[in-house]
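# everything below, folded, please.
(chains A and B)
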Amino acid sequence: MSSANKQERGSLEEQFRSRMQDAEALPTPDLWARIDHDLTVAENKRYKERFVMYRQLAAACFVLFMLAGALWYFQIGNQAIEPVGTTDPQMAANSTSTRPDATANNELTTETTVPAQPQAQAGAIAAVEQDNTKLAPASAEESYKSRTATGNGTAQRAAAVAPPKARQLQQEGGNDLGQPTYASAIEAEQPAELQEISVLPIVPDTKNTTSKVQSVVVRQRLPQEKSLSLPEALQAPGEPQYKTLAAASMLEKDEKENAVEKSIGKSSDKKQAYANASDSRWSVGMASGPSYFNQNIGLPEQMMPAVMHNSFAATGPTADAFSARNMESAREEYDENTDAAFSYGMEVRAGFRLTKKLKLLSGLGFIQNSARTKTSFIFRQFWYKPTTREPYELVSTIFMPSLTNGFSPDSIAVEQTNPFYVNYQYRQITVPIGLQYEGEIGSKGWHWYASGALAANFLTESKISTTSDKIPDFSYNNNKGEVSPFRKVQFSSNIGAGIGKHITESVSVVVGPEFRSYLSSMLANPDQALAPQGKPYSIGVNLGVQYMLGQNKK
Amino acid sequence: MKLFSKPKSDEEKLLEGCIAGKREMQRNLYDLYSKKMMAICLRYAPTNFEAEDIMQEGFVKVFANIQNFKKDCPLEFWIRRIMINTALKHLRQKSLLTVSHETEEVASISSDTYNLTGYSLDELMGIIQSLAPRYRMVFNLYAIEGYNHKEIGEMLGISEGTSKSQYSRARAILQDMLARQEHKIKEHVISK
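This is a model prediction of the structure:
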């Protein structure tokens, strides 16, 4: 036995075990606080992960929803642009093929009286051969039997006379047995040979149906047909050659058509592409651009008629002569040094084509209009509180007091300092609705446009800030319920024109000037303001991109 | 029927509250087991500070995984096991458990009887803490926790023989320390 196996629990182990097994020691009091902190951090981490997961899930749902919506839209759009006329011949063919014969002796002439047949004949370009009576509908089979029983030498097969689309659908669709659905409209009065001639050279109207029609024309003749007289050109080579000739004639004609199409060249394809794009009614777009903004708020010629210095007429605030002179200088400075600052607008637009060239546009946008003044005067107003008569001071530029006629401080002082900038910033949400007229320029995808719109502009924030530390910023956020001296809703008329180019069939870019004229002044109560009011306007550049929705697929 | 359902014990309520993430219940659980767990952590850690670190990490693990507690063993045992594993991980991270596959001759357990009643808990804890980490770990696991050498080998990633060898060495050191301690006490008594 190895020495390792000799080990066992002795007195030492038992002593230690009995003393230490249930021993207790007091942890430091702050240990729980540390654990609590760790648990909080872990919970926040889990919450954050869960939040990210939910956010991703929401994003995925949104994308899925948009994809489903787009798919649904294109599906509906494609159905809407299907030619309506194709349904009638097919209905006519179906009505003839499923039309029950009243009796076994019913002659084929009864079928020719189906009302839909004249329409079907008008669009006739192919024949569908009933090569096997087992594959034919019951009515056709009965008709066939009745024909063979009476020894009628007329048409021995059912021929469908239908436009390509309907025929194609018939061939592709098949019946319940998985076989093609054959129509059985024939003309009883027409001799079989004539029918044969009339159906053989048939060429499809469109290249899309070429291969399918060829497969229809090359067919087996029924034994009963062998006795039929054929044109010599077709009879002489015999049956196999007949089949080949029929197919060859089809191919020859197709090649000719292809050659003609090729001769038209790529330009026609391009035109067709743009035409397809212009067929779509809906479009979405985005526009953005810088602009020059004139807020059109002036200062009165005489800023404070009531200000009296060295005057006995105490009808207004008191100011010393120095301040009064500075006030005049500040006013002149405002008139001379107020310029446009960087203004811009962004819009998301949806368009609906009313006519070929006229489009209805609407959307949602954001506008930030800015202006600024370089000044060097600080305006101090000294007031007394009406109830407590405690003095207090308002510091601003000359612009702020001009916004109201309630300017009647107890005294004022106009201080000249180093030049600084006053920035006026107005943020608006705009909802335009308008019309756009478009026209093509040449064949290379260029086009011009002219647009006019009426927009409702909702002021969300107005801010008057300075680069001077001595003057506080004045900010009015309408979303937070702050009362602003500026008008909350302003209507504007927008006029624009420009040129655009189709980058692809569905994407085009446009550029052009845009003029926005507001229909009212900036201030909510212009009559109560000292400042003379004009209607603001902005002149900008419209840079946009437009995407056509629901265009025809080639 | 709810009328005949077994009333929930305090521990079950505590467990449910902790699973729900109620901080109050977590605090109650901590208060219930913190003293015992602190003693365990002190046995495995070389210092009090490290013992607190181990306990802090261990309790965070307990609350994070308490929904995985299967109730196939007492809750205290489950928490104890988490503390021990945390201590092992802590010592591994600090490279204090350098495995030496020593193949020393394993001495048989002497039949000497020991009486440790004269030692305070702090003294005994100090004796254990003075052992080298690998010896301390094996001694704790074998002598106090009651694991066998095979289990200890699996926990520490060493062979069963190595575990036995290390335990033998740890035991010898402890015996020596206790002998010296007793010698000092005798000298102290004689001098008085």
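# kindly report the residues of chain A close to chain B.
Proximity of chain A to chain B, by CB under 8 Å from any CB of the partner chain, involves residues A:2-4, A:6-13, A:15-17, A:19-28, A:31-32, A:34-36, A:38-39, A:42-43. The way it works is simple: take the backbone N, C-alpha and C, and place the C-beta from them, glycine included.
# can you show me the strands along chain A?
A:282-294, A:338-340, A:343-353, A:358-384, A:391-396, A:411-441, A:446-466, A:474-477, A:489-502, A:507-518, A:537-548 (DSSP state E).
# may I see the ones you listed organised as a markdown table, with distance to A:Val52 and mean pLDDT added?
Formatted as a markdown table, those follow (distance: least, CB to CB, whole Å; pLDDT from 0 to 100):
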| stretch | distance to A:Val52 | mean pLDDT |
| --- | --- | --- |
| strand A:282-294 | 28 | 82 |
| strand A:338-340 | 43 | 83 |
| strand A:343-353 | 27 | 87 |
| strand A:358-384 | 28 | 85 |
| strand A:391-396 | 46 | 78 |
| strand A:411-441 | 30 | 87 |
| strand A:446-466 | 30 | 89 |
| strand A:474-477 | 30 | 78 |
| strand A:489-502 | 39 | 90 |
| strand A:507-518 | 33 | 90 |
| strand A:537-548 | 31 | 88 |
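# tell me which helix or strand in chain B has the weakest average pLDDT.
Using mean pLDDT, DSSP states H and E, the weakest-scoring helix or strand in chain B turns out to be helix B:160-191, at a mean of 84.
# and the nearest residue to A:Asp36 once chain neighbours are set aside, how many neighbours?
Using CB to CB, 6 or more residues apart in numbering or on different chains and skipping residues adjacent in sequence, the residue nearest A:Asp36 is B:Arg23, 7.0 Å away. Applying other CB atoms under 10 Å in any protein chain shown, we find 14 residues neighbouring B:Arg23.
# next: A:Met53.
10.
# how about the one 5 residues further on?
Burial of A:Ala58, expressed as a neighbour count using other CB under 10 Å, amounts to 10.
# roughly how far does it sit from chain B?
Per CB to the nearest CB, to the nearest Å, A:Ala58 is found 24 Å from chain B.
# you'd agree the residue nearest to A:Asp36 is up against A:Ile35?
No. Counting by CB atoms under 8 Å, B:Arg23 does not reach A:Ile35; the two are 10.2 Å apart.
# give me the below-cutoff pLDDT ranges for the chain.
Using chain A. Applying pLDDT under 70 to chain A flags residues A:1-8, A:76-280, A:301-320, A:385-387, A:404-409, A:478-483, A:550-554.
# hmm, no, I was thinking of chain B.
Using pLDDT under 70, the flagged stretches of chain B are B:1-8, B:95-112, B:192.
# residues touching the spatially most central residue of it, list them.
Closest residue to the average C-alpha location of chain B: B:Ile40 at 4.0 Å, with CA atoms, centre = their mean. By CB atoms under 8 Å, 6 or more residues apart in numbering or on different chains, B:Ile40 lies in contact with B:Arg80, B:Met83, B:Ile84, B:Ala87.
# do B:Lys150 as well
Listed by CB under 8 Å, 6+ apart, the contact set of B:Lys150 reads B:Glu160, B:Ser163.
# any idea how far A:Leu530 is from it?
From B:Lys150 over to A:Leu530 the distance is 97 Å, taken as CB to CB, to the nearest Å.
# now swap in A:Asn296 and tell me
In this structure, A:Asn296 and A:Leu530 are 15 Å apart, going by CB to CB.
# same check on A:Ile297?
A:Ile297 is 10 Å from A:Leu530, by CB to CB.
# what of A:Leu394?
16 Å.
# just give the nearest non-adjacent residue to A:Phe366, would you?
A:Phe366 sits nearest to A:Met346 (CB to CB, 6+ apart), 5.2 Å away.
# mind listing the residues bridging to that neighbour?
Per DSSP bridges, the residues bridged to A:Met346 are A:Ser288, A:Phe366.
# wait, it sits on A:Ala287?
Yes. Applying CB under 8 Å, one finds A:Met346 in contact with A:Ala287, separated by 7.3 Å.
# what touches both of those two?
A:Gly365.
# looking at those two, which is more packed in?
Between A:Met346 and A:Ala287, counted using other CB under 10 Å, A:Ala287 has the larger neighbour count: 23 against 14.
# measure the closest residue to that one other than its chain neighbours to A:Ser493 for me?
Nearest non-adjacent residue to A:Ala287, counting by CB to CB, 6+ apart: A:Gly544, 3.6 Å away. Separation of A:Gly544 from A:Ser493 (CB to CB): 19 Å.
# which one of those two has more residues nearby?
Between A:Gly544 and A:Ser493, counting by other CB under 10 Å, A:Gly544 is the more crowded of the two (21 against 16).
# for beta bridges, what are the partners of that one?
Under the criterion used (DSSP bridges), A:Gly544 bridges to A:Ala287, A:Val510.
# mind listing what it touches?
A:Gly285, A:Met286, A:Ala287, A:Ser288, A:Arg349, A:Gly500, A:Val509, A:Val510, A:Val511.
# also A:Gly540?
Listed by CB under 8 Å, 6+ apart, the contact partners of A:Gly540 are A:Gly289, A:Pro290, A:Ser291, A:Tyr292, A:Ser343, A:Tyr344, A:Gly345, A:Pro513, A:Glu514, A:Phe515, A:Arg516.
# ok, and the closest non-adjacent residue to the second one?
It refers to A:Pro290. A:Tyr344 (5.2 Å).
# what is the neighbour count of that neighbour?
17.
# residues contacting it?
A:Ser288, A:Gly289, A:Pro290, A:Ser291, A:Ile367, A:Gln368, A:Gly540.
# cool, A:Arg19 as well?
Taking CB under 8 Å, 6+ apart as the criterion, A:Arg19 is in contact with B:Leu116, B:Tyr119, B:Leu121, B:Leu124.
# turn the residues you listed into JSON lines, including secondary structure, neighbour count and distance to B:Phe69.
JSON lines is the format used below for these (DSSP: H, G, I helix; E, B strand; the rest coil; neighbours: other CB atoms under 10 Å in any protein chain shown; distance: CB to CB, whole Å):
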{"residue": "B:Leu116", "secondary structure": "coil", "neighbour count": "18", "distance to B:Phe69": "34"}
{"residue": "B:Tyr119", "secondary structure": "coil", "neighbour count": "20", "distance to B:Phe69": "35"}
{"residue": "B:Leu121", "secondary structure": "helix", "neighbour count": "14", "distance to B:Phe69": "29"}
{"residue": "B:Leu124", "secondary structure": "helix", "neighbour count": "19", "distance to B:Phe69": "31"}
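# which of these are close to chain A?
Within the contacts of A:Arg19, those near chain A by CB under 8 Å from any CB are B:Leu116, B:Tyr119, B:Leu121, B:Leu124.
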